[in-house]
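Colleague: Test case, fold it:
(one chain, ligands or ions: 2)
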Amino acid sequence: MTRPRLYSGMQPSADSLQVGNYIGALLQWRDLQDAYEAFFSVVDLHALTQPNDPAELREKTRRTAAQYIAAGIEPSRSTLYVQSHVRAHAELAWILSTITGFGEANRMTQFKDKSARYGTDQTNVGLFTYPVLMAADILLYQTDIVPVGDDQKQHVELTRDLAERFNARYGAAFTVPIPVIQKETARIYDLQNPTAKMSKSAESDAGVLWLLDDPAVSAKKVMRAVTDSEGTVRYDRESKPGVSNLLTIYAALTGRQIPSIEDEYAGRGYGDFKKGLAEVVVNEFGPVRERALDLLADPGELDRVLASNADRAAEVADATLSDVYDRVGL
Ligand code: ADP
Ligand code: NA
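Modeller: Ligands and ions are numbered 1, 2, ... in the order given. From the prediction side, this is the model:
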């Protein structure tokens, strides 16, 4: 039986992933591996749109892949590979760029935000065409669904438009993918600034829980998380963003419902609640961290796993690309 295809990826933009990446992406990916034929990529070509030290980029790429595996993405079941190992990504991106309108690309809000923030002289063309490379990533695998955060929804819409345009012009080369937008309950906020999303590129990491941190450090960060003066453990995103965020993390990591956690901590203070969550965090990430560090202790073996998965990815990607070449007259 053939399963529908799923594609997702993350940039190797830090030494460690953060708990938002884990809850918002990795846990969901892990659970989708049975129902879908999944392709999970570490998108290092995308990471080149930011300044990078070459040795550090290579190391971040390896570390990101190790954390995918440590979180339960199985390279024997899903295809887990590094984007630049599959040449077809850059090649298809070029072809798609020739059917993308300049104005269309110019309407991408993520680019508008970034170029407004850094100025056009500090913004590279790669950042402008980033969504076209992302479209190539997705379309190469005849992807049916793309799980993404809502900040990526516009890029998946562009991917759909490009697929439909190409198919209309040259014949049906691509499956038109559907974005599956992350649930609000999978969105994690910064522990020190609980209205901003937790991010590996946050300016200060005081409110960021890193997967690869010593669990004692994460426990301390939980104990210092911003709350409020009310003193009751109750979910209310509007008026109690700090406590609500801690409840979301607690629920996601234990598989429990938020009301059951509220009940458990009824009449008890934030200190008790934070202690409970710190324990949950340590229990969850202690083993994940150890698995990742074990994998990283044998980089040769990790590289072999990634190379054989890249071969598997390339088989699918090259078939799509050669069909596309034929269709456009190359
Ligand atoms: P970051 O901001 O940490 O660099 P990215 O924007 O690269 O994260 O996103 C990588 C993946 O992790 C995406 O699937 C995104 O939806 C998910 N993700 C990132 N931050 C969070 C968060 N705070 N809560 C939930 N999911 C997140
Ligand atoms: Na980022």
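Colleague: residues near residue 277, how many?
Modeller: 23 (other CB atoms under 10 Å). (C-beta placed from N, C-alpha, C; glycine too.)
Colleague: Quick one: name the residues of this structure near ligand 1.
Modeller: Residues of the chain lying near ligand 1 by CB under 6 Å from any ligand atom: 10-11, 13, 18, 20-21, 23-25, 148-149, 182, 186-188, 197-201.
Colleague: Show the low-confidence segments of the chain, by residue range.
Modeller: Scanning the chain for pLDDT under 70 picks out 1.
Colleague: all strands for it, in order.
Modeller: Applying DSSP state E to the chain gives strands spanning 5-10, 37-42, 79-82, 145-148, 178-181.
Colleague: Tell me who's in contact with the residue of the stretch 1-150 of the chain found nearest ligand 1.
Modeller: Ligand 1 sits closest to residue 24 of the stretch 1-150 of the chain, with a gap of 1.9 Å, by CB to the nearest ligand atom. Residue 24 sits next to 149, 182, 186-188 when contact means CB atoms under 8 Å, 6 or more residues apart in numbering.
Colleague: ok, of the residues of the chain next to ligand 1, which come out buried?
Modeller: 10-11, 13, 18, 20-21, 23-25, 148, 182, 186-188, 197-200 (16 or more other CB atoms under 10 Å).
Colleague: Show the contacting residues for residue 289.
Modeller: 70, 211-213, 215.
Colleague: let's see it at 6 Å
Modeller: residue 212 (CB atoms under 6 Å, 6 or more residues apart in numbering).
Colleague: try the one 3 residues further on
Modeller: Each residue near residue 292 by CB under 6 Å, 6+ apart is listed here: 66-67, 70.
Colleague: JSON lines for those, including neighbour count?
Modeller: Output for the contacts of residue 292, formatted as JSON lines (neighbours: other CB atoms under 10 Å):
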{"residue": "66", "neighbour count": "26"}
{"residue": "67", "neighbour count": "27"}
{"residue": "70", "neighbour count": "24"}
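Colleague: Among the residues of the chain next to ligand 1, which ones are in helices?
Modeller: 20-21 (DSSP state H).
Colleague: count of neighbours near the closest residue to residue 227 other than its chain neighbours?
Modeller: In this structure, residue 227 finds its nearest non-sequential neighbour in residue 242, 4.5 Å apart by CB to CB, 6 or more residues apart in numbering. Other residues lying near residue 242 total 20 when counted by other CB under 10 Å.
Colleague: now do the one 10 residues further on
Modeller: Burial of residue 252, expressed as a neighbour count using other CB under 10 Å, amounts to 22.
Colleague: need the contact list for it.
Modeller: residue 23.
Colleague: Distance of it relative to residue 237?
Modeller: 15 Å (CB to CB, to the nearest Å).
Colleague: And residue 23, by the same measure?
Modeller: For residue 23 relative to residue 237 (CB to CB), the value is 16 Å.
Colleague: Same check on residue 305?
Modeller: 40 Å.
Colleague: Show me where the stretch 151-300 of the chain has its helices.
Modeller: Counting by DSSP state H, counting those that start in this stretch, the stretch 151-300 of the chain has helices at residues 153-170, 215-223, 241-254, 258-264, 270-296, 299-328.
Colleague: Just want the angle from the longest one to helix 270-296.
Modeller: Just to be clear, that refers to helix 299-328. Inter-element angle recorded for helix 299-328 and helix 270-296: 80 degrees (by axes from the mean of the first three to the mean of the last three CA atoms, to 10 degrees).
Colleague: do the first one as well
Modeller: Following the same axes, to 10 degrees, one obtains 40 degrees for the angle between helix 153-170 and helix 270-296.
Colleague: Give the bridge partners for the closest residue to residue 21 other than its chain neighbours, please.
Modeller: Closest residue to residue 21 apart from its sequence neighbours, by CB to CB, 6+ apart: residue 10 at 6.4 Å. Applying DSSP bridges to residue 10 yields these beta-bridge partners: residue 42.
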